[in-house]
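Asks: Turn this into a structure:
(one chain, ligands or ions: 2)
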Amino acid sequence: MTHIAKEKLATLLMEYPKPAGIVMGYGTAGFRARADTLPWIMIRIGILAAFRSKVKRACVGAMITASHNPEYDNGVKLIDPYGEMLEQAWEVYANNLSVLDDDIHILSDYLENLMNQLNIQANDEGIVAIAYDTRQSSPLLASIVKRAAQAFYTTIMDFELMTTPQLHYAVRCYNDNGTYGHYTEAGYFDKLCTAFQNLIEMTPNIQRFEPLAIDAANGIGAMKLAYMRQTLAKYIHIEIFNDGTRGHLNEKCGADYVKLYQKAPDGIPLTNYSKYCSIDGDADRLIYFFIDKNNQFRLLDGDRFSVLFASFLAMKLKEAKLADDVKIGVIQTAYANGRSTDYLVNKMHVPVACVPTGVKHLHHKALDYDIGVYFEANGHGTVIFSSELKSKIKMVLEDPKRTVEERLAANQIRAFINIINETVGDAIADLLATEVILSILHLNLEGWLNLYDDLPQRQLKVAVRDRTMIQTTDAERRCVTPPHLQDCIDELVSKYPSGRAFVRPSGTEDIVRVYAEALTQQEADDLADKVRVVVEQLTK
Ligand code: NG1
Ligand code: ZN
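Replies: Ligands and ions are numbered 1, 2, ... in the order given. The predicted model follows:
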């Protein structure tokens, strides 16, 4: 480590000291906490981003956001060169750095060891792309990441205000030398909007788009959607509510609020539109909803996107006569409604894999398929397509022996791939994909909802002494510890027809989550409550 790097780091440590007694872990959401407790960790993240970039010899990203959390929170997540989440092994370095106190000697000893271990030279090139959401605290936190990375001779690409998925996209494009698209924001919108228009133009008898009202959670998505709204005005009328001019970020609005409370957000008129959707504070989650004929609020969550996207793609594969050589699959977590799994497996004959909570697990598993569709029930998800699939599509398009119908279907899949942000769940991309599929399939939200009926479900949070007492297996569907907990759950579940329940420690909060579903809401509530009682008893 050079003398100058040490000096710069020492200055930062003095400017942004670590509060006494603070412990912070790099989890599924990166580092996330109250914004005023975060500056010190941004120093560590800036260094780590620089190191990661030097090791990978590629651009890496640092996104400053606390997603669906309140305005007073913030956080940071690193993005790997291919646009995916930070490799798990590096989470350990993030945690080690977070444990270290502000002593410049101890910190530089650790960093020098790490540089040796990772074979990093002080003058290796590094490039870090930084972006942030609309939180007031974001620019300062971003500036600390920037200064810490620069202390290690790293070039900064400062994208300032961006959605999380836009930064994932930019990092991927930059490292792919433009193969995936152009890394600027204009490049992102150009790719998505052009593909959306192409798909509409090439599809005969496409249904007219009904106007769409969007709840933008008073976040970054509002300003980005405003840009897209104009570009696509010829095709679809989009109205943006909760655009940040009046309400507060994620307060009584946004995808998380709508999903959690199963009700419409504030700040949006509920009479004028047949289609509504909510995104979250950093625009990586999407939820649709509408008010039905009986004036009931009806929700379409992540499971519904999996079913819709997989239906469309399976149908187009069949039309392109590619269904036999392409492996399509859906990846869910234990929180997916049992009826969605049932519909996918038994009606659509699409295989379903279940993985532990957290997008990185879903994304990883999706790589096993030519077309891997994954969504968490909360509306975070995307589709990934193998390079073999992309070549097969190209072959169909270039084969003169193929029929017009086969080539059209292949072309539709190709355009669809370009709408999707394969790097990460993206509310804007998923919204365009949903809209165009609904129009191609001539479905309204009611028709989409009626594909299957959800089983009533209940989620509870249980505060326990030590949540790590609960350990799980089988994609978190069964408990291994404490002893007897699983036997008790099995016994309770057996009393409810179509009942299912599981418990797992949250990865983002100091609580245990209980999930239950059954034939009626009353039964789902009862089952969840009984499971809660045994959890409380056995973790005392
Ligand atoms: P935890 O707190 O581990 O359940 C929550 C969500 C995840 C995911 C992460 C990251 C539920 C039940 N869990 O994880 O789906 O989004 O936060 O933000 O919604
Ligand atoms: Zn988010």
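
Asks: okay, CA-based contacts and neighbour counts for the rest of this
Replies: Will do.

Asks: what does the stretch 151-300 of the chain have sitting close to ligand 2?
Replies: 282, 284 (Cα under 5 Å from the ion).

Asks: ok, 6 Å please
Replies: 280-285 (Cα under 6 Å from the ion).

Asks: Looking at those residues, which one is closest to Ala151?
Replies: The shortest approach to Ala151 among those belongs to Asp282, at 28.3 Å (Cα to Cα).

Asks: Burial check on His364, number of neighbours?
Replies: Residues lying near His364 (other Cα atoms under 10 Å) number 13.

Asks: got a list of what the residue in the chain that ligand 2 sits nearest to touches?
Replies: Closest residue of the chain to ligand 2, Cα to the ion: Ser67 (3.8 Å). Listed by Cα atoms under 8 Å, 6 or more residues apart in numbering, the contact set of Ser67 reads 280-283.

Asks: before we move on, back to that, nearest to Asp399, out of the residues of the stretch 151-300 of the chain next to ligand 2: which one, please.
Replies: Of those, the one sitting nearest to Asp399 (Cα to Cα) turns out to be Asp284, at 37.4 Å.

Asks: Mind pulling up the pLDDT for that closest one?
Replies: The per-residue pLDDT reported for Asp284 equals 97.

Asks: swap in Thr2?
Replies: With respect to pLDDT, Thr2 has a value of 88.

Asks: Distance to Ile291 and neighbour count for the residues of the stretch 151-300 of the chain next to ligand 2 - can I get that in CSV?
Replies: Output for these, formatted as CSV (distance: Cα to Cα, whole Å; neighbours: other Cα atoms under 10 Å):
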residue, distance to Ile291, neighbour count
Asp280, 20, 30
Gly281, 23, 33
Asp282, 26, 34
Ala283, 23, 32
Asp284, 24, 26
Arg285, 21, 30
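
Asks: Between these, which sits nearest Ala10?
Replies: Asp282 (32.3 Å).

Asks: surely the closest one meets Thr163?
Replies: Yes. Counting by Cα atoms under 8 Å, Asp282 does reach Thr163; the two are 5.1 Å apart.

Asks: shared neighbours, the two?
Replies: What both Asp282 and Thr163 touch, as defined by Cα under 8 Å, 6+ apart, is the set 133, 220-221.

Asks: between these, which has the most around it?
Replies: Those, ranked by neighbours (other Cα under 10 Å): first place Gly221, 30 neighbours.

Asks: Check what pLDDT Gly21 gets.
Replies: 85.

Asks: now it: how far from Ile106?
Replies: Using Cα to Cα, to the nearest Å, Gly21 is found at 17 Å from Ile106.

Asks: which of those two has more neighbours?
Replies: The residue with more neighbours, out of Gly21 and Ile106, is Ile106; 12 against 7, by other Cα under 10 Å.

Asks: can you confirm that one is in a helix?
Replies: Yes. Using DSSP: H, G, I helix; E, B strand; the rest coil, the assignment for Ile106 is a helix.

Asks: Excluding sequence neighbours, find me the nearest residue to it.
Replies: Nearest residue to Ile106 in three dimensions, chain neighbours excluded: Leu100, at 7.7 Å (Cα to Cα, 6 or more residues apart in numbering).

Asks: Quick check: that neighbour touching Leu107?
Replies: Yes. Assessed by Cα under 8 Å, Leu100 is found in contact with Leu107 at 6.7 Å.

Asks: Of those two, which one has the most company?
Replies: Leu107 (18 against 15).

Asks: give me the element Tyr276 is part of.
Replies: Using DSSP states H and E, Tyr276 maps to strand 275-279.

Asks: Can you show me the strands along the stretch 401-540 of the chain?
Replies: Secondary structure of the stretch 401-540 of the chain (DSSP state E, counting those that start in this stretch): strands at 457-462, 471-473, 478-481, 500-505, 512-517.

Asks: Quick one: closest of the ones you listed to Tyr227.
Replies: strand 457-462 (37.1 Å).

Asks: how far is that closest one from where the chain is centred?
Replies: The chain centre lies 22 Å from the centre of strand 457-462; the measure is Cα atoms, centre = their mean, to the nearest Å.

Asks: can you count the residues close to Ala49?
Replies: Based on other Cα under 10 Å, the number of other residues close to Ala49 is 31.

Asks: ugh, wrong one, Asp453
Replies: Asp453 has 12 nearby residues by other Cα under 10 Å.

Asks: That one reaches Arg339, doesn't it?
Replies: Yes. Because the distance of 6.8 Å satisfies Cα under 8 Å, Asp453 is recorded as touching Arg339.

Asks: And the residue of the stretch 51-200 of the chain found nearest ligand 1, how close does it get to Ser498?
Replies: Among all residues of the stretch 51-200 of the chain, Ser67 sits closest to ligand 1, at 7.8 Å; criterion: Cα to the nearest ligand atom. Per Cα to Cα, Ser67 is found 34 Å from Ser498.

Asks: for Gly338, same thing?
Replies: The value you get for Gly338 to Ser498, if Cα to Cα is used, is 9 Å.

Asks: With Pro139 instead?
Replies: 50 Å.

Asks: now Leu107
Replies: Distance from Leu107 to Ser498, by Cα to Cα: 55 Å.

Asks: sorry, back to before: I'd like to know which of the strands of the stretch 401-540 of the chain lies nearest to Pro265.
Replies: So among the strands of the stretch 401-540 of the chain, strand 457-462 is nearest, using Cα to Cα, at 20.0 Å.

Asks: and the residue of the stretch 251-400 of the chain nearest ligand 1?
Replies: Gly358 (5.1 Å).

Asks: Pretty sure that residue sits against Thr28.
Replies: Yes. Contact between Gly358 and Thr28 holds when scored by Cα under 8 Å: they sit 6.1 Å apart.

Asks: Comparing these two, which shows the higher neighbour count?
Replies: Thr28 (18 against 15).

Asks: okay, that one: pLDDT?
Replies: Looking at Thr28, the pLDDT reads 84.

Asks: List the contacts of it.
Replies: By Cα under 8 Å, 6+ apart, the neighbours of Thr28 are 358-360, 507-508.

Asks: ok, and the most crowded of those?
Replies: When the contacts of Thr28 are compared by neighbour count (other Cα under 10 Å), Val359 ends up highest, at 24 neighbours.

Asks: For the stretch 1-150 of the chain, what lies in contact range of ligand 1?
Replies: 28-29 (Cα under 6 Å from any ligand atom).

Asks: Point out where the stretch 1-150 of the chain drops to low pLDDT.
Replies: Along the stretch 1-150 of the chain, no part satisfies pLDDT under 70.

Asks: can you give me the helices in it?
Replies: Assigned by DSSP state H, counting those that start in this stretch, the helices in the stretch 1-150 of the chain fall at 3-15, 39-56, 88-99, 104-118, 138-150.

Asks: relative to helix 3-15, how tilted is the second one?
Replies: Between the axes of helix 39-56 and helix 3-15, defined by axes from the mean of the first three to the mean of the last three Cα atoms, to 10 degrees, the angle is 150 degrees.

Asks: and helix 39-56, how far out from the chain's middle?
Replies: Counting by Cα atoms, centre = their mean, helix 39-56 comes out at 22 Å from the chain centroid.

Asks: buried residues in it?
Replies: Using 16 or more other Cα atoms under 10 Å as the test for burial, helix 39-56 gives 39-55.

Asks: Packing partners of that helix?
Replies: helix 3-15, strand 59-64, strand 73-79, helix 88-99, strand 126-132, helix 138-150 (3 or more Cα pairs under 8 Å, 6 or more residues apart in numbering; DSSP states H and E).

Asks: what does that helix contact?
Replies: Counting by Cα under 8 Å, 6+ apart, 12-13, 16-18, 59-62, 76, 78, 81, 93-94, 97-98, 115, 118-120, 124-128, 141-142, 144-150, 152, 154 sit against helix 39-56.

Asks: same deal with the third one?
Replies: When contacts are defined by Cα under 8 Å, 6+ apart, helix 88-99 is touched by residues 23-27, 41, 44-45, 48, 107.

Asks: got a list of what whichever residue of the stretch 401-540 of the chain sits closest to ligand 1 touches?
Replies: Using Cα to the nearest ligand atom, the single residue of the stretch 401-540 of the chain nearest to ligand 1 is Gly507, 3.3 Å away. Gly507 makes contact with 27-28, according to Cα under 8 Å, 6+ apart.
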